[in-house]
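Novice: Quick one, what's the 3D model for this:
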Amino acid sequence: MTYPEAIQFLYDLRWFGAKFGLDNTFQLAALAGHPQDQLRFIHVAGTNGKGSTCAMLESIYRTAGLRTGLFTSPHLVSFRERIQVNRRLISEGEVVRLVEVLQPLLKHFPAGHHPTFFEVVTVMALKFFDEQKCELVIWETGLGGRLDATNIVTPLASIITNIGIEHSEWLGDTFEKIAAEKAGIIKPNVPAITAARPGEGLEMITSVAREKRAPLTVVDESQIRRAPLDILELPLHGAHQKLNAATALATVRIPGSQLPVGDDALRRGLLAVDWPGRMQRVSTASGQMVLLDGAHNPASAEALRAALRAEFPDAKPAIIFGVFRDKDSASMCHSLAPLAGRLLLTPVHSDRTEDPARLVTACRAANPGAPLEVCASLAQAVERAAGEPFVVVTGSLYLVGEALELLGLSPANGGERALNEWTAGVSSR
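Specialist: Modelled structure (predicted):
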C-alpha cells in the first residue's frame, strides 16, 4: 500500500458517516490490543479553544521532559497533523503501516456497524502513541464528548474549555444540552477544569462534576491577571488565548497532580507554543501582512474582533471571509464586517460551504461603506487583495488551510483537506 492509497482508504470511510457511540471504538481498540490502557491522557472538549489549549499543554509537558502525544482535529492541510509525537507529525510510512494493521480488523464488524473514519483514526492514534511509548497524550474530542469516539479513555484530567451554541443538530440547541454532552467526558473522581461561564453551561458542568465526585476547577478572566500570565507575551495572540493559557495552567497545577511541572518549564512551554491558523501572521515577499484565523462561529468571530481592535486599533484590513452554511454567518458578519476597509466574500472549498452571495446582505448591513466583492474562489480573493497592505483571512479553519497552501506556507496537498468531510450520512446509536 502506498501513502495515497492509505489516504484513499481513510477517505472512503467517510461514507459510513459520523455514528455517535462508543461500542465500535471500544471493540476496535480491543482488537488492536487495548492500547488506551497503556497510556495517560488529558482529555479536552469544548466549543472553542480546544486546539490552542491542547497545544499549550503539549508544549508545557514536552518542555518539562515528557514524551508527548497530541491528537487533534480537523487538520489544516495534511492528515498527518492529527497525530503527533513531541510535535512531529506521524510519518507517511507509519500511516500506511497502521492502515494495513487496522484494515483486516474491520472485517469483524457486521454490515451496518462498520467503523467510521473518526473511529478508525482514533484507534490508529491510540496504537501509535502506545508504540511510541508516549508518557502523556493530549487528547482532543472530535465532536461533543459523551458519545465521541475519544471518550473510551480514562484521563488524568478532563477539560471543557467553554460552551457555545454550535452543531445543534447533534448536540442540542441550548447551552444546557450542549454542556451535558461535553460534560460526558468527566469521569468519576477525575479532576475537571472549565472556563465555561455562568449561564453558558457552567451550571450543567458543575452538576455533572458533583454527581461524579470529580473535583472541579473553574477558570475565569481574573486568572489572566495573575502570575505568570500577567507578564507573559504569548506567541498566540488575543485575550481569548490568555484564558486558554489560564485553563492549561489550572490543569498543570491540579492539587496532587501525577505530572508535576516546575514554574520554569511552565513559562518556557507557554512561550514556545505554536499553533498555526490562530491569528497567525504572515509577511509576503511584497511586504503585505496576512493574518490567518480559523474563527468559525459567533463566539470565535467576536474573539477575533476584540483581538484585532486591541492589536490593530487603527487598521482597516481587507477581510476575506468564507463560512460553512450551518454556521450563524449573520452574527459573524456583524462582528467582523465593521472592521473591514474592504470585504471579499469567498466559498470554502467544501460541500458544506455557504454561497458567498448569501453573505452580502449581512455584511452590507454591518458595514455599508466598505467596498464588497463576491469571489469565485479563495485564490481569486487573494489575487484581488494583492495590493492591500493588510489582509485577514477568516471564517473557517478549512479556509485557513487552503490559504496556507496558496501562500506557499504548507505543501500543496488539497486532497487531504477533504478528509475533514467526515459528516456525510450522519447517524447515531
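
Novice: chain center to stretch 146-158: distance?
Specialist: Distance of stretch 146-158 from the chain centroid (Cα atoms, centre = their mean, to the nearest Å) equals 16 Å.

Novice: Pull out the buried residues from that stretch.
Specialist: Residues R146, L147, D148, A149, T150, N151, I152, V153, P155, L156, A157, S158 are the ones in stretch 146-158 that count as buried (16 or more other Cβ atoms under 10 Å). From N, CA and C alone the C-beta is placed, and that goes for glycine too.

Novice: How about stretch 200-217?
Specialist: For stretch 200-217, by 16+ other Cβ under 10 Å, it's E200, G201, L202, M204, I205, T206, V208, A209, K212, A214, L216, T217.

Novice: Same question for stretch 326-341.
Specialist: By neighbour count on 16+ other Cβ under 10 Å, the buried set for stretch 326-341 is 327-329, 331-337, 339-341.

Novice: related to what we said a few turns ago, so which of the buried residues of stretch 200-217 comes closest to E421?
Specialist: Proximity of these to E421 (Cβ to Cβ) peaks at G201, which lies at 27.9 Å.

Novice: so who does the closest one touch?
Specialist: I160, N162, I163, F175, E176, I178, A179, K182 (Cβ atoms under 8 Å, 6 or more residues apart in numbering).

Novice: So which of these belong to helices?
Specialist: F175, E176, I178, A179, K182 (DSSP state H).

Novice: Run a quick neighbour tally on the fourth one.
Specialist: Neighbouring residues of A179 were enumerated by other Cβ atoms under 10 Å; the total is 29.

Novice: try the first one
Specialist: The burial count assigned to F175 is 20, neighbours taken as other Cβ under 10 Å.

Novice: Can you verify my assumption that it contacts I163?
Specialist: Yes: if you go by Cβ atoms under 8 Å, F175 and I163 touch, sitting 5.4 Å apart.

Novice: Mutual contacts of those two, please.
Specialist: Residues touching both F175 and I163 (Cβ under 8 Å, 6+ apart): E200, G201.

Novice: on that earlier part again, which pair of the buried residues of stretch 200-217 spans the longest distance?
Specialist: E200 and K212 (20.8 Å).

Novice: quick revisit: just put the ones in helices among the contacts of G201 in TSV and tack on pLDDT and distance to G21.
Specialist: What follows is the ones in helices among the contacts of G201, written out as TSV (pLDDT from 0 to 100; distance: Cβ to Cβ, whole Å):
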residue	pLDDT	distance to G21
F175	94	24
E176	96	22
I178	96	18
A179	97	20
K182	97	16
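
Novice: quick check, nearest of those residues to F128?
Specialist: Closest approach between the ones in helices among the contacts of G201 and F128, by Cβ to Cβ: K182, at 25.8 Å.

Novice: give the contact list for that closest one.
Specialist: For K182, the contact set (Cβ under 8 Å, 6+ apart) comprises A45, G46, T47, T141, G144, G145, R146, I160, I163, L171, G201, I205.

Novice: Just the ones in helices from the residues you listed, please.
Specialist: L171, I205.

Novice: Whichever of the contacts of K182 end up buried, select them in ChimeraX.
Specialist: Applying 16+ other Cβ under 10 Å to these leaves a buried subset, and the ChimeraX line that selects it is:
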select :45,46,47,141,144,145,146,160,163,171,201,205
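
Novice: Lowest-confidence one in the contacts of K182?
Specialist: Among the contacts of K182, L171 carries the weakest pLDDT, at 82.

Novice: ok, that one touching A179?
Specialist: No: judged on Cβ under 8 Å, L171 makes no contact with A179 at a distance of 9.3 Å.

Novice: domain parsing for the protein?
Specialist: Following automatic domain parsing, the chain resolves into domains at 3-275, 280-420.

Novice: Q380: which element?
Specialist: Secondary-structure element containing Q380, defined by DSSP states H and E: helix 378-384.

Novice: continuing past that helix, what's the next helix or strand?
Specialist: The element immediately downstream of helix 378-384 (helix or strand, assigned by DSSP H and E) is strand 390-394.

Novice: which strands and helices sit next to that next one?
Specialist: The contact analysis (3 or more Cβ pairs under 8 Å, 6 or more residues apart in numbering; DSSP states H and E) places strand 390-394 against strand 289-293, helix 298-311, strand 318-321, helix 378-384, helix 397-406.

Novice: Average pLDDT for that strand, rounded please.
Specialist: 98.

Novice: same thing with stretch 279-293?
Specialist: In this model, stretch 279-293 has an average pLDDT of 95.

Novice: List the buried residues in that stretch.
Specialist: M279, Q280, V282, Q288, M289, V290, L291, L292, D293.

Novice: partners of the third one in the sheet?
Specialist: Pointing back at V282 there. On the basis of DSSP bridges, V282 is bridged to V290.

Novice: Roughly how far does it sit from L397?
Specialist: Counting by Cβ to Cβ, to the nearest Å, the gap from V282 to L397 is 16 Å.

Novice: go on, M279?
Specialist: In terms of Cβ to Cβ, M279 sits 13 Å off from L397.

Novice: residues touching the nearest residue to R62 once chain neighbours are set aside, list them.
Specialist: Spatial nearest neighbour of R62, excluding adjacent residues (Cβ to Cβ, 6 or more residues apart in numbering): T68 at 4.8 Å. By Cβ under 8 Å, 6+ apart, T68 lies in contact with E58, Y61, R62, V85, N86, R87, C134, E135, L136, V137, I138.
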